[in-house]
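> task: produce atomic coordinates for the following.
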Amino acid sequence: MSELLNWFKKRRETRALNTMQHHLTTTMSIADDLEKAVKAAVSGNAEKTKSLVENITKGEKEADTLRRNFMDELSQGELPPADREDLMHLMKRVDMVADWCRESTRLLNVIPMEEVPASLKKAAVEMAEGFKECAASLRRSIDKMMDKPEDALKAADEVERAEEKVDDLIEYILDQTIDLPFPSPEDYETYLTGKTNFRHDIAKSHPYKGNRSASEKPEHLGAAREHMVNNWDAIVSVNEEADDLISKGAAETGYNCVVASVDKDMLQLPCWHFNFVKGEWTKVDEWSGIKFFYTQILTGDAADNIKGLHRVGPKTSEKMLAHCETEEDLWETCVKAYDGDTERVIENARLLWLRRYEDQLWEPPQGA
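Now for the predicted structure:
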């Protein structure tokens with residue numbers, strides 16, 4: 001790595017690096033055009049979509065030519081074989097961005113967009129915007145490697161340490177839970193929350209998670225998530241949360257499982273729970289789980305911007321529900337507490353409820 005860093009320091013103006021910069025500029029232009037093409041297709045502007053697709057096709061061909069030129073120029077340098085191979089792999093990976101943009105346009109051409117549901121159109125636009133930002137992040141990372149190699153190496157070390165923390169945490173969880181329902185260390189599943197969530201459409205009183213800001217996210221969150229997907233087979237949710245995937249997975253086992261999470265919302269589930277930060281175990285039975293859910297309806301969830309009753313916390317809600325013996329009792333008590341506003345109670349319940357099966361939307365108990 002030191003040889004490669006020294007090469008960057010001394011040869012910032014070589015033809016090879018100029019070619020790489022040109023390739024990055026072309027790739028960013030392609031990513032920008034793909035975002036515009038998706039938005040044009042979603043809005044039904046076929047002519048603009050066609051023009052942008054043609055631009056992407058031309059750009060991808062230019063990127064291929066630049067990649068080949070880079071390889072030729074690099075092969076004539078004096079870099080050690082291992083470092084030369086690293087640079088070649090880097091260029092190939094960058095070129096894949098352009099290649100997959102072109103592949104995306106082929107799909108864009110055959111999708112009957114007028115038949116696509118609005119929710120999927122919205123998701124496609126968000127995905128295209130996210131892809132463009134990823135490409136921009138890649139460009140910034142490589143620019144830093146060229147301009148300030150030491151900073152790039154430091155950033156790479158930080159990412160590696162973040163990945164090691166992920167590994168240590170998951171291995172700790174598996175070690176702590178292995179003597180319970182897990183028959184083997186391989187009998188686990190990990191989940192991550194994706195970019196879309198049906199709860200944003202459910203929330204009418206207040207924006208779901210509207211009190212959160214982008215500044216709350218850890219610096220290397222993206223790298224840690226990618227590491228979990230690539231090395232721990234993490235499943236990313238679509239139009240729901242990781243909590244829903246955990247809940248559905250637990251239900252499929254008949255709740256014969258351990259849920260490892262620091263999120264109190266998981267205490268709806270009647271199974272073993274392991275808080276891996278506190279090192280605490282909790283066993284939740286069916287009645288305790290459903291009662292906890294109705295407690296949340298009364299208190300709300302400040303972390304997700306779900307508003308409950310004014311000045312009603314866990315202790316007050318516990319007293320309010322103390323007399324209840326059935327779920328119907330719990331429901332009726334909550335409705336009465338909200339002065340008969342069933343719509344508000346249902347809204348909170350649907351935001352708080354963790355799905356037990358695909359596309360579940362919570363409903364009041366039968367007979368209520």
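
> and the pLDDT at residue 7?
Looking at residue 7, its pLDDT reads 56.

> check which element follows the worst-scoring helix or strand of the chain on mean pLDDT along the chain.
Ranked by mean pLDDT, DSSP states H and E, the weakest helix or strand in the chain is helix 2-10, scoring a mean of 54. Beyond helix 2-10 in the direction of the C-terminus, DSSP states H and E gives the next helix or strand as helix 15-42.

> tell me the helices and strands packed up against that following helix.
Contact here means 3 or more CB pairs under 8 Å, 6 or more residues apart in numbering; DSSP states H and E; on that basis helix 15-42 packs against helix 46-75, helix 81-110, helix 118-147. Just so you know, the C-beta spots here come from the backbone N, C-alpha and C atoms, and that holds for glycine as well.

> against residue 303, how distant is residue 316?
Distance, residue 316 to residue 303, by CB to CB, to the nearest Å: 19 Å.

> out of these two, which sits in the busier spot?
For residue 316 versus residue 303, neighbours defined as other CB atoms under 10 Å are more numerous around residue 316 (15 against 12).

> what sits against that one?
Contacts for residue 316 were tallied using CB atoms under 8 Å, 6 or more residues apart in numbering; they are residue 298.

> what of the one 5 residues further on?
Residue 321 makes contact with 291, 294, 295, 298, 330, 333, according to CB under 8 Å, 6+ apart.

> work out the gap between the helix or strand that contains residue 160 and the centre of the chain.
Secondary structure from DSSP H and E places residue 160 in helix 149-177. Mean-position distance between helix 149-177 and its chain equals 18 Å (CA atoms, centre = their mean, to the nearest Å).

> likewise stretch 116-130?
In this view, stretch 116-130 has its centroid 15 Å away from the chain centroid, taken as CA atoms, centre = their mean.

> shouldn't residue 262 be within a strand?
No: using DSSP: H, G, I helix; E, B strand; the rest coil, the assignment for residue 262 is coil, not a strand.

> neighbours of the closest residue to residue 346 other than its chain neighbours, just the number please.
Excluding the flanking residues, the one nearest residue 346 by CB to CB, 6 or more residues apart in numbering is residue 364, at 6.8 Å. Applying other CB under 10 Å, we find 16 residues neighbouring residue 364.

> and residue 238, by the same measure?
Number of residues near residue 238 (other CB under 10 Å) recorded here: 12.

> how much space between the residue nearest to it when sequence neighbours are not counted and residue 95?
Spatial nearest neighbour of residue 238, excluding adjacent residues (CB to CB, 6+ apart): residue 194 at 5.4 Å. Here residue 194 is placed at a distance of 27 Å from residue 95 (CB to CB).

> A helix includes the residue nearest to residue 346, no?
No: using three-state DSSP, the assignment for residue 364 is coil, not a helix.

> and it, what does it touch?
Residues in contact with residue 364 (CB under 8 Å, 6+ apart) are 331, 342, 346, 349.

> wouldn't residue 324 be in contact with residue 290 here?
No: using CB atoms under 8 Å, residue 324 is not in contact with residue 290; the gap is 9.9 Å.
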